[in-house]
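> I would like to see how this sequence folds:
(4 chains)
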2 protein chains.
Amino acid sequence: MPRHQNRAAAGGRRRASHSMESVLTEAVALLDEAGPSALTFRALAQRLGGGVASIYWYVASKDELLDRATDHVIGGVLAEIEAIEPGGDPVDDLRAMSLTLFDAILVRPWLGNYFMRNTDVQGNALRLYEKLGEPTLRLKLTARQRFHAVSAITTVVVGSAVDLGQEPPQEVLDGALGRDEFLGRFAATWRELDAQDFPFVHEIVDEFDGHDDIEQFRAALDLTLAGLRLQAGA
Amino acid sequence: MPRHQNRAAAGGRRRASHSMESVLTEAVALLDEAGPSALTFRALAQRLGGGVASIYWYVASKDELLDRATDHVIGGVLAEIEAIEPGGDPVDDLRAMSLTLFDAILVRPWLGNYFMRNTDVQGNALRLYEKLGEPTLRLKLTARQRFHAVSAITTVVVGSAVDLGQEPPQEVLDGALGRDEFLGRFAATWRELDAQDFPFVHEIVDEFDGHDDIEQFRAALDLTLAGLRLQAGA
DNA sequence: GGTACGATAGAACAGCGTTCGATAGAGATG
DNA sequence: CATCTCTATCGAACGCTGTTCTATCGTACC
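Next comes the predicted model:
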């Protein structure tokens, strides 16, 4: 681990000179550009203009790299969420925060896979957790209900993110196949199923075809929040 | 892919003789015993008493192996769920099905990571999806609301499963460290946080410490179902 | 018996995370 | 000014992974 982080950017000519910041920034860039499978130590080293082993001076393992990179961008999300000024209704505040968080995951689908894995190194995630909990303190709930409420919300966020996070089958990543056609192909096979055996699938296939991810998330979130509102007796 | 599956178990002496069934069964056994990282083609081949490349006759890639193994056990879950006889209340039926599904994931935490990834090869997952949708047909909802309702439920299940699914840090897998102590260590660091900056974390740390995963899931599920009930006007 | 094909397997390949040992450079010490 | 120390870097190697290539065995059929 790096002890002294001072004046880290005193680049030599032949040898590269990194910093925790640059390592995480480039790691996030790789994740953004081509997904988790593109983030390898060799690719990252090349991008930093240095050797592979150098990265291990900043990070003990790939897991830690992933955790720190995740927390790095969560820091930005946290700032956005802290900028939201609380309105009168705690549940509305919860909703606004959750939507902000989900928006960030929409832009970075890989986030969902690593988010909140280890609050030991993910300090920002812990602060975000605190921030999500704050509105529940203003609701008439038991401590256990508050704990469960925030768990439920993060569950919905993470669950939705996982759906998004699975790396699309290359064709859509290349841009050769649009997301709509991708969904459409699934819808097509579903439509060919026997209507007797799959009444529900037939009922919703038109909704599935070309559906909006945000809307789907918002629907799930709103069901949970409605339940919470009921529980708080407000 | 194997065309003729007939009389596949006519074992020779030197050469091993597999079958789709045996491949999937042993793959699941490996996953159960030591988690996803233990399922390698070499380990699986050794268990089957054959060569590595033979597995590729049954399965085109590791992804397909995971999808098929997942669907294999989902088949069992589906049977359990189909055995549930519908009661009067559709939402109660949804609840019973979800709990059955989650019970299966509790026993096999790796399930959550692969569940419902690709309904092309996961035929049982599709049937399960249909089964989960059936009760919504008895509720007064629009098609879109039905689609969103089932999505919300699977989201809660998957989201909770992901929390469970992350491979514990070896110590607890070895049995050297119990789950309670593992939670307790997190709780300890949380308690040391500044009470001013983290009022919510302090509020719920006692609930977090030693909490029950099923109860947490049930709470999240019940919030969603309460919201659904409200939406259906029942 | 010969032939076609279902099914098996060993060896090799490229890529991955990780470790090792060597070493360059800046700052302190004499 | 020489030397010593500690931070930070890097190339090369190790063991493991999924995957492919090529050769082969054994059975069913004509």
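> which residues in chain A form helices?
Listed in chain order, the helices of chain A (DSSP state H) span residues A:20-34, A:41-48, A:62-83, A:90-107, A:111-114, A:123-137, A:143-165, A:171-174, A:179-191, A:199-208, A:213-231.
> what's the neighbour count on A:Leu55?
No Leu there; residue A:55 is Ile. Other residues within reach of A:Ile55, judged by other C-beta atoms under 10 Å in any protein chain shown, total 20. Just so you know, the C-beta spots here come from the backbone N, C-alpha and C atoms, and that holds for glycine as well.
> for the helices of chain A, which one sits closest to DNA strand D?
helix A:41-48 (6.9 Å; C-beta to the nearest atom of the strand).
> so the closest one, near DNA strand C or not?
Yes - applying C-beta under 7 Å from any atom of the strand, one finds helix A:41-48 in contact with DNA strand C at A:41-43.
> in that helix, what counts as buried?
A:41, A:44-45, A:48 (16 or more other C-beta atoms under 10 Å in any protein chain shown).
> which one of the helices of chain A lies nearest to B:Val28?
Across the helices of chain A, the minimum distance to B:Val28, taken as C-beta to C-beta, is reached by helix A:143-165, at 21.3 Å.
> now that closest one and helix A:123-137, what's the angle there?
130 degrees (axes from the mean of the first three to the mean of the last three C-alpha atoms, to 10 degrees).
> quick revisit: how about the residues of helix A:41-48 next to DNA strand C in JSON lines, adding pLDDT and distance to B:Ser22?
Output for those, formatted as JSON lines (pLDDT from 0 to 100; distance: C-beta to C-beta, whole Å):
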{"residue": "A:Phe41", "pLDDT": "98", "distance to B:Ser22": "37"}
{"residue": "A:Arg42", "pLDDT": "98", "distance to B:Ser22": "38"}
{"residue": "A:Ala43", "pLDDT": "98", "distance to B:Ser22": "39"}
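> where does chain A have its least confident helix or strand?
Least confident helix or strand of chain A, by mean pLDDT, DSSP states H and E, is helix A:171-174 with a mean of 70.
> which neighbouring elements make contact with it?
On a contact count with 3 or more C-beta pairs under 8 Å, 6 or more residues apart in numbering or on different chains; DSSP states H and E, helix A:171-174 meets helix A:179-191.
> ok, the helix it packs on near chain B or not?
Yes - for helix A:179-191 and chain B, the contact criterion (C-beta under 8 Å from any C-beta of the partner chain) is met by A:186, A:189-190.
> where are the low-confidence patches of chain A?
Counting by pLDDT under 70, the ranges of chain A that qualify are A:1-14, A:167-170, A:173, A:234.
> what's the residue of it positioned farthest from its centre sitting at in phi/psi?
Distance from the C-alpha centroid of chain A peaks at A:Gln196, with 38.6 Å (C-alpha atoms, centre = their mean). Reported as degrees, to the nearest 10, the phi and psi values for A:Gln196 are phi -70, psi -40.
> list the contacts for it?
By C-beta atoms under 8 Å, 6 or more residues apart in numbering or on different chains, the contact list for A:Gln196 is empty.
> mind doing that once more with 10 Å?
A:Gln196 sits next to A:His202 when contact means C-beta atoms under 10 Å, 6 or more residues apart in numbering or on different chains.
> how close does it sit to A:His202?
Distance, A:Gln196 to A:His202, using C-beta to C-beta, to the nearest Å: 10 Å.
> what's near enough to touch the residue lying closest to A:Thr25 once chain neighbours are set aside?
Spatial nearest neighbour of A:Thr25, chain neighbours left out: A:His72 (7.7 Å); criterion: C-beta to C-beta, 6 or more residues apart in numbering or on different chains. By C-beta under 10 Å, 6+ apart, the contact set of A:His72 is A:20-21, A:23-25, A:27-28, A:122, A:124.
> including neighbour count and distance to A:Trp57, could these go into TSV?
Compiled in TSV, the contacts of A:His72 are given as follows (neighbours: other C-beta atoms under 10 Å in any protein chain shown; distance: C-beta to C-beta, whole Å):
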residue	neighbour count	distance to A:Trp57
A:Met20	16	10
A:Glu21	13	14
A:Val23	25	9
A:Leu24	20	14
A:Thr25	16	16
A:Ala27	25	14
A:Val28	20	19
A:Gln122	22	21
A:Asn124	18	23
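> how much space between the closest residue to A:Leu225 other than its chain neighbours and B:Leu132?
Spatially, and ignoring its direct neighbours in sequence, A:Leu225 is nearest to A:Val91 (5.4 Å; C-beta to C-beta, 6+ apart). Counting by C-beta to C-beta, the gap between A:Val91 and B:Leu132 amounts to 27 Å.
> more neighbours: which of those two?
B:Leu132 (22 against 19).
> which residues touch the more buried one?
B:Leu132 touches A:200, B:81, B:93-94, B:97-98, B:101, B:149-151, B:153-154, B:157, counting by C-beta under 10 Å, 6+ apart.
> just among those residues, which is most surrounded?
In terms of neighbours by other C-beta under 10 Å, the contacts of B:Leu132 top out with B:Ala149 at 28 neighbours.
> one step back: now the helices of chain A in CSV, with distance to DNA strand D?
Output for the helices of chain A, formatted as CSV (distance: least, C-beta to the nearest atom of the strand, whole Å):
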stretch, distance to DNA strand D
helix A:20-34, 9
helix A:41-48, 7
helix A:62-83, 12
helix A:90-107, 27
helix A:111-114, 18
helix A:123-137, 21
helix A:143-165, 19
helix A:171-174, 16
helix A:179-191, 20
helix A:199-208, 28
helix A:213-231, 27
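> tell me which of these lies nearest to B:Glu33.
Nearest to B:Glu33, of all the helices of chain A, is helix A:62-83, at 22.1 Å by C-beta to C-beta.
> for the closest one, buried residues please.
Buried residues in helix A:62-83, defined by neighbour count with 16+ other C-beta under 10 Å: A:64-75, A:77-78, A:81.
> so, in contact with DNA strand C or not, it?
Yes - judged by C-beta under 7 Å from any atom of the strand, helix A:62-83 comes into contact with DNA strand C at A:62-63.
> now the angle from that helix to helix A:90-107?
140 degrees.
> how far off centre is helix A:62-83?
Centroid displacement of helix A:62-83 relative to its chain, using C-alpha atoms, centre = their mean, to the nearest Å, is 9 Å.
> just stretch A:174-193 next, same as before
24 Å.
> and A:Asp194, what are its phi and psi?
Dihedral angles for A:Asp194 - degrees, to the nearest 10 - are phi -70, psi 130.
> pull the contacting residues for it.
A:201-202.
> and it, how far from DNA strand C?
According to C-beta to the nearest atom of the strand, to the nearest Å, A:Asp194 stands 28 Å off from DNA strand C.
> equivalent analysis for A:Ala187, please.
33 Å.
> how about that residue, nearest residue that isn't a chain neighbour?
A:Ala187 sits nearest to A:Asp209 (C-beta to C-beta, 6+ apart), 3.9 Å away.
> do A:Leu193 as well
Nearest-residue entry for A:Leu193: A:Val201, 6.0 Å, with adjacent residues in sequence omitted and distances by C-beta to C-beta, 6+ apart.
> ok, now A:Glu203?
B:Ala143 is the one closest to A:Glu203 (C-beta to C-beta, 6+ apart), at 5.5 Å.
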